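# sequence below, structure please.
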Amino acid sequence: MDFTFLASTMVTLLKAVPTTLILFSLSIFFGGLLALVIVSMRVSGDPVLSGFAKGYIFVFRGSPLLIQMFLVFYGLGQFGVIRYSFLWPFLREPMVCAVLSLALCTAGYTAEIFRGGIRAVSPKEIEAARSIGMSGFLMVRRILAPIAFRHALPAYSTEIVLMMKSTALASLVTVWEVTGVAQRLISQTYRTMEVFLCAAIIYLVLNFIILQGMALLEYSLSRHRRAAPQPLKA
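Model (predicted):
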């Protein structure tokens, strides 16, 4: 194995890591915000809002992310109302289209994850909050949201890892992140094994860091569940 080539390939791919991280971070951020809106509609009790949320979740969970990305990248320009609007200078950029498609997709999955966390909250805790006169916003901020997020965190960490891996699809719409740069190197060198091995190592390291961060967050949110040390008997 040519270690000199591996080293040079790793250096080249590492230069694309910031693009991957920007793509990942923006997708998770905007997808999370949209998921909060969708899950609020889903549990609102309003049949129209709940029906829209169900339809959104069904569409974005039931269709492949690759097709969604192609529809956003190649399809939005087919509509004159978009092509001649103030949004077009942004939507014609590959990075914006990739972030938009990834955020829309992860919002569907994340909304269902958050809904599962909300359903895991005990009704007794909600009743206790209401009995002491908590307002709806205060109850959500102090009771519902922390407990629901703690229950949803294991599944949400899996979704975050999947989104990191899904950023590789952005190379198909000409965003030169790690996988895109790897494919370009392969077309130049015809050394598929070495290049993809370096790319796989980078993704493994990134996902390891993400999982460790999520594990620390889950640990910090579950302090009250860990039993206090018992004093030693004399």
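# can we go C-alpha only for contacts and neighbour counts from here?
OK.
# let me see the ranges of the helices in the chain.
Using DSSP state H, the helices found in the chain span residues 3-14, 17-42, 47-62, 65-70, 80-83, 88-91, 94-119, 123-131, 136-139, 145-166, 178-189, 192-221.
# who wins for proximity to L172 among those helices?
helix 178-189 (7.6 Å; Cα to Cα).
# buried sites along the closest one?
In terms of neighbour count (16 or more other Cα atoms under 10 Å), helix 178-189 has its buried residues at V178, T179, G180, V181, A182, Q183, L185, I186.
# the third one contacts S171, correct?
Yes. Checked against Cα atoms under 8 Å, the pair G180 and S171 is within contact range at 4.5 Å.
# any low-confidence regions in the chain?
1, 223-234 (pLDDT under 70).
# at 90 instead, please
1-6, 43-46, 74-92, 116-154, 172-174, 189-190, 215, 217-234 (pLDDT under 90).
# what residue lies at the spatial centre of it?
I28 (3.8 Å; Cα atoms, centre = their mean).
# now for it: which residues touch it?
Listed by Cα atoms under 8 Å, 6 or more residues apart in numbering, the contact set of I28 reads A103, T106, I160, M163.
# if I look at Y219, how far off is P154?
According to Cα to Cα, to the nearest Å, Y219 and P154 sit 11 Å apart.
# for V59, same thing?
From V59 to P154 the distance is 24 Å (Cα to Cα).
# what do you get for E218?
Relative to P154, and taking Cα to Cα, E218 is found at 8 Å.
# for the contacts of I28, give me TSV that also has neighbour count.
Converted to TSV, the contacts of I28 look like this (neighbours: other Cα atoms under 10 Å):
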residue	neighbour count
A103	25
T106	26
I160	21
M163	20
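# from those residues, pick the one nearest M214.
Among the contacts of I28, and counting by Cα to Cα, the member closest to M214 is I160, at 9.5 Å.
# so who does the closest one touch?
Per Cα under 8 Å, 6+ apart, neighbours of I160: I28.
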